[in-house]
Every structure is written in C-alpha cells, then in structure tokens.
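A.B. asks: Whatever this is, show me its structure:
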Amino acid sequence: MDTNQEAKEVKETGTKEISPGGQETSGGAVSSTAAPGVTDNATENSGVDVTFESLGVCRELCEAVKHMGWDKPTDIQRDSIPYALQGRDLICLAKTGSGKTGAFALPVVQSLLDNPSPIFALVLAPTRELSYQIGEQFRALGAQVSLTVAVIVGGMDMVDQAMQLAKKPHIVIASPGRLVDHLENTKGFHIKGIKYLIMDEADRLLSMDFDQALDKILENSPRDRNTYLFSATMTSKVSKLQRASLKKPVKVEVSHKYETNAQLIQNYTFIPWKYKLTYLCSMVNYFNNYSMIIFVDTCLAAQKLASVLRQLNFEAVALHGQMHQNERLGSLNHFRAGDKKVLVATDVASRGLDIPQVDIVLNYDIPKNSKDYIHRVGRTARAGRSGRAVAFVTQYDVEAFQRVEHFLNQKLEEFNQIQSDTAMQLHQRVLDASREADIEQKEKEGGGQLSAKQMKKNKMKRILGSNNKKRKGAAR
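C.D. replies: Next up is the predicted model:
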C-alpha cells in the first residue's frame, strides 16, 4: 500500500496521526509541537528529560516502574500515554522491544485505581507465550495495589480457568479462541462491563486467522469502551479498523513500519544445503558462550534440531506449537533463567516475547514472509542492547533471501568468521547426532513415550554395538 492510499484511509476513519513527540492536528497532519505533558526540550532530546511522572502517571505506578527497572519512558510510552490518560483510543506502531506493553498497561492500571471494578480490561494476544508475558507485566505493575490477573489461553484446563474467571479478576489476558470458548461455555462469564479492549500484535489479530473469534468478542463487548491497537507492524485497513470500533483514534508511530534496531548487526552465510546442519552446529559452537534463538519453519524441524544439539552436548530446548502448554512454558522459563543457552523455535517465539539476554538470532530457515524476519531478529538487540542476527542461505534460498533484503532496503554483510574446513571437522559427529535424533523420535512415536532411562539404555546398546563392530573389523 502506498503512502497516499494509507493517508486517505486514515483520513476516512477519522484517525489522527502524530510522529515522535508530535501533536495531532486536524486532517491527520503532523506538527512539531510536543505531546501533552512533554516539553519541547524533552522532545528534542528523544525523551531524555521526560519522566513517567511528567507524563501524568500516578505516584503509586511511578514507584512500581522504578522497582521494575524502568528508568524513563520509551518513545512509544512517551508519545502514547498522555493521550491514553485523556481517554482517547489509540493505534500505536513501534518496533519490537520498544516497550509497547508498558504503554498500554500503565494507563489501564491507573484508570483502574481511579474506578476499581471487576473484569476491567481485556487484553488479546496472538500467542500463549506472549499472553503469559503480558500477565507478568501487569502483575508486576499492580503488585502494591492488589491487582488480580487471569491468563486464559489454550492448552490449559478449562475448569481451572473458569474458576479463575469466577473470581472476577481485574485484568483478563487471553488468546481469542480460548476466550470465545469461555464466552460460550462458562456460565456467568461475560465481558459486557469491560472498560478497555487492547489488541497486542494487532496486525496478526486482525488477520484472517482470528476473524470469527474477534467478531464474537466484539459483539459481546460494550461500545462504550476504550480500544487500543498495538503492534510492531500493522496495515491500516479501513474495514478492520471500523470493525474494531475505534472512536476517532490517535495514531502514534515512533518508527518506520519495517525497520530493525540500530544496535542489531545483521549477516548472512551462504552454504551448501547438503551441509546446512553441520554449519549450524559449527556456528552454535562458535557462539557457545552466548544465548541464542534458532528459528525454523516447522515443529518437526524444531524438535529434531534441539535433539541434535543436545546429542552434541549443547544446552538446547525446543519451543513449538505441538508441545503441551506446560512444556512450552518450561522451555521458555529454562531459557529465560539461563539454564539453557539455545532455544530452537518456530515463529511462535517470534512475536512479542521479551527475553533481554538473547545475544544471537540464527535464521536456520529463511521466513517465507519478510515481515516475519523483522519479528524474528527483534528478539535480540532489545531495549538499547546490541545483538547479532545471521541468516542461513543455501542455493535454494537465494530468492527468499533477496526478498528479505529488498524488504529491509539494505544489503546484508556476509558472515565469514567460520571457515569451511573448521565447519566440516564436525561433520561426522553431526551425522551421528542426526541419526540418534531420528531414532529417538521414532522411539517416542512408536509404542508411546519411553522413559528417559529406557531411551538412554537403548542409546548405550547402539553405541556398544557400533564399537563391537569396529573392533571385529579391526581384528580381521
């Protein structure tokens, strides 16, 4: 969509636009006037002198953000919070890792303090992991004010969730599908009294995948509410915005739509497809002291790759959509705590997750959608930290990689710090580990889940059998 068309759509929906520190004007134009509560000098210094207190955040929440380590507002927080506190609807676009969760959580909790009521706000998120992360942020902000939060997502027991909802929590964070299940099946639960509806990662929520669930949720929510749409990337489609029932929203955009963080070093490595796994293991070994996320396209690839890395004594865990929810949370918590250095994941981990200590992102599979590349590499170089992303390009990935470069409007530099000879030294070990991973997967699929002890016993038999064959061959 070109700029003129976007401007036309924004005008048709009554949306006002502001740039970083900019004041809305009639007709959606951008002026250089500072946002309410922000001085001109602070705007010129990119928010250096701005505090949460100067934005209008109450004393209790200023204390809470201080305990959470938030020293000063981020750009999106600086420019959106004053409008949110005025009771305006918001469409906020900001790059990943820019503090979008705080930008909507602070105004909601402050409004709740002024007018406490049950099921005060509903937050919708596209993934289970992001839902739990948002829940943690709300709990931290409301720790001193007895804020109650319920996270309602798929993969967990509906009866337990129904009991949580029966207690009338202040904030409900949910995935659209599971929320609709409760609206239809949980007696006494409704969202007719919510004062805030927040859609995080709104571009994904407004996609076809969640259309029916969103329609149901919007039908059951009151018209007299505040609505916030937050995302790193979002297309301004008039019909989608109208369906979300925003009332003359302010559009706050603090970055270009599809840019990556300035602190991020982006590279690619061009390798033969035949030796792709070997080169990956070599790179994991090269960055052995750093925490990293490896992105793959399929659940099966994530499971196998994590298994191969474990066979090679790397501390790796998998995260994908076919895992049970408790297993997914376990993998994520192990990685967050630093117990595991490597997380092998599908795009379920590419959206919204805030794991500050991620140093490296490896795109083992080039994403088919270039926007997904932005979200993937956004897991590193967050909140002012530096990071590195490396894309693995084989002879079959050239076209997809060129699309990514065109999307970024930049040419990536080649990562050439691992020589071919060095990588191929691991080749035989990688082949052996790959075979072990395949056998392990077959044992899990056939006859149910074997115990870890039995699987280890089977592995030792294979190793001993292989050594016996070698000795017999040498004797001959």
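A.B. asks: which residues touch Y228?
C.D. replies: Listed by Cβ atoms under 8 Å, 6 or more residues apart in numbering, the contact set of Y228 reads A84, D89, L90, I91, C92, F104, Y196, L197, I198, M199. C-beta: built from backbone N, CA, C; applies to glycine.
A.B. asks: Helix, strand or coil: sort out it for me.
C.D. replies: Following DSSP: H, G, I helix; E, B strand; the rest coil, we place Y228 in the strand state.
A.B. asks: Could you tell me the per-residue confidence at it?
C.D. replies: pLDDT recorded at Y228 is 94.
A.B. asks: What of T39?
C.D. replies: 30.
A.B. asks: do P249 as well
C.D. replies: 89.
A.B. asks: just checking, it touches G87?
C.D. replies: No - assessed by Cβ atoms under 8 Å, P249 is found out of contact with G87, at 11.7 Å.
A.B. asks: Among the two, which residue is more densely surrounded?
C.D. replies: P249 (24 against 10; other Cβ atoms under 10 Å).
A.B. asks: and the more buried one, what are its phi and psi?
C.D. replies: Backbone torsions for P249, taken as degrees, to the nearest 10, come to phi -70, psi 160.
A.B. asks: where are the low-confidence patches of the stretch 151-300 of the chain?
C.D. replies: 208, 233-245, 255-258 (pLDDT under 70).
A.B. asks: The stretch 1-150 of the chain now?
C.D. replies: Residue ranges of the stretch 1-150 of the chain with pLDDT under 70: 1-48, 96.
A.B. asks: Could you rerun that using 80?
C.D. replies: Residue ranges of the stretch 1-150 of the chain with pLDDT under 80: 1-49, 95-97.
A.B. asks: Please, where are all the helices along it?
C.D. replies: Ranges of helices in the stretch 1-150 of the chain, per DSSP state H, counting those that start in this stretch, are 3-12, 40-44, 59-67, 75-85, 100-114, 128-141.
A.B. asks: Tabulate these in TSV, adding columns for distance to T278 and mean neighbour count.
C.D. replies: Shown next, in TSV, are the helices of the stretch 1-150 of the chain (distance: least, Cβ to Cβ, whole Å; neighbours: other Cβ atoms under 10 Å):
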stretch	distance to T278	mean neighbour count
helix 3-12	45	13
helix 40-44	51	16
helix 59-67	47	15
helix 75-85	42	26
helix 100-114	39	22
helix 128-141	30	21
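A.B. asks: show me what contacts D354?
C.D. replies: G97, T101, Q133, R382.
A.B. asks: Check R336 too.
C.D. replies: Neighbouring residues of R336 by Cβ under 8 Å, 6+ apart: I355, Q357.
A.B. asks: is it fair to say D160 lies in a helix?
C.D. replies: Yes - judged by three-state DSSP, D160 forms part of a helix.
A.B. asks: please renumber so the chain begins at 54
C.D. replies: Got it, the first residue is 54 from now on, which makes the last one we talked about D213.
A.B. asks: So what's the residue count around D213?
C.D. replies: Neighbours of D213 using other Cβ under 10 Å come to 9.
A.B. asks: For A444, see how far away it is.
C.D. replies: Noted for D213: a distance of 41 Å to A444, by Cβ to Cβ, to the nearest Å.
A.B. asks: hang on, the earlier thing: using JSON lines, please lay out the helices of the stretch 54-203 of the chain together with distance to M336.
C.D. replies: Formatted as JSON lines, the helices of the stretch 54-203 of the chain follow (distance: least, Cβ to Cβ, whole Å):
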{"stretch": "helix 56-65", "distance to M336": "39"}
{"stretch": "helix 93-97", "distance to M336": "42"}
{"stretch": "helix 112-120", "distance to M336": "38"}
{"stretch": "helix 128-138", "distance to M336": "33"}
{"stretch": "helix 153-167", "distance to M336": "31"}
{"stretch": "helix 181-194", "distance to M336": "25"}
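A.B. asks: any idea which of the contacts of D407 is closest to T399?
C.D. replies: Proximity of the contacts of D407 to T399 was ranked by Cβ to Cβ; the top entry is Q186 with 17.1 Å.
A.B. asks: distance of that closest one from V337?
C.D. replies: 25 Å.
A.B. asks: Would you map out the domains in the protein?
C.D. replies: Here the domain assignment for the chain is 56-306, 317-498, based on automatic domain parsing.
A.B. asks: tell me how far the ends of the shortest one are from each other?
C.D. replies: If I follow you right, that is domain 317-498. 40 Å (Cα to Cα, to the nearest Å).
A.B. asks: Quick check on R278: phi, psi?
C.D. replies: Given degrees, to the nearest 10, the pair of backbone angles that R278 has is phi -150, psi 170.
A.B. asks: neighbours around it, how many?
C.D. replies: Using other Cβ under 10 Å, R278 has 17 neighbouring residues.
A.B. asks: Repeat that for M477.
C.D. replies: 14.
A.B. asks: Double-check it against T331; I have them as touching.
C.D. replies: Yes - look at M477 against T331 with Cβ under 8 Å: they come within range, at 6.6 Å.
A.B. asks: Give me the next element, helix or strand, following the helix or strand containing K304.
C.D. replies: Assignment of secondary structure by DSSP states H and E places K304 within strand 303-306. Next helix or strand after strand 303-306 toward the C-terminus (DSSP H and E): strand 317-323.
A.B. asks: Provide the contact partners of that next one at residue level.
C.D. replies: Residues contacting strand 317-323 (Cβ under 8 Å, 6+ apart): 313, 332, 336, 430, 433-434, 439-447, 454, 461, 463, 465-469, 471.
A.B. asks: all helices of the stretch 254-403 of the chain, in order?
C.D. replies: 255-258, 264-273, 291-296, 329-339, 352-364, 378-390.
A.B. asks: Of these, flag the one that's most buried.
C.D. replies: Of all those, helix 255-258 has the most neighbours on average by mean count of other Cβ atoms under 10 Å, namely a mean of 24.
A.B. asks: send the alpha carbons of that one over as PDB?
C.D. replies: Output in PDB follows, covering the C-alpha atoms of helix 255-258 (Å, rounded to 0.1, in the frame of the first residue of the first chain):
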ATOM      1  CA  ALA A 255      -2.800  -6.200  16.300                       C
ATOM      2  CA  ASP A 256      -1.700  -7.000  12.700                       C
ATOM      3  CA  ARG A 257      -1.800 -10.700  13.500                       C
ATOM      4  CA  LEU A 258      -5.000 -10.500  15.500                       C
END
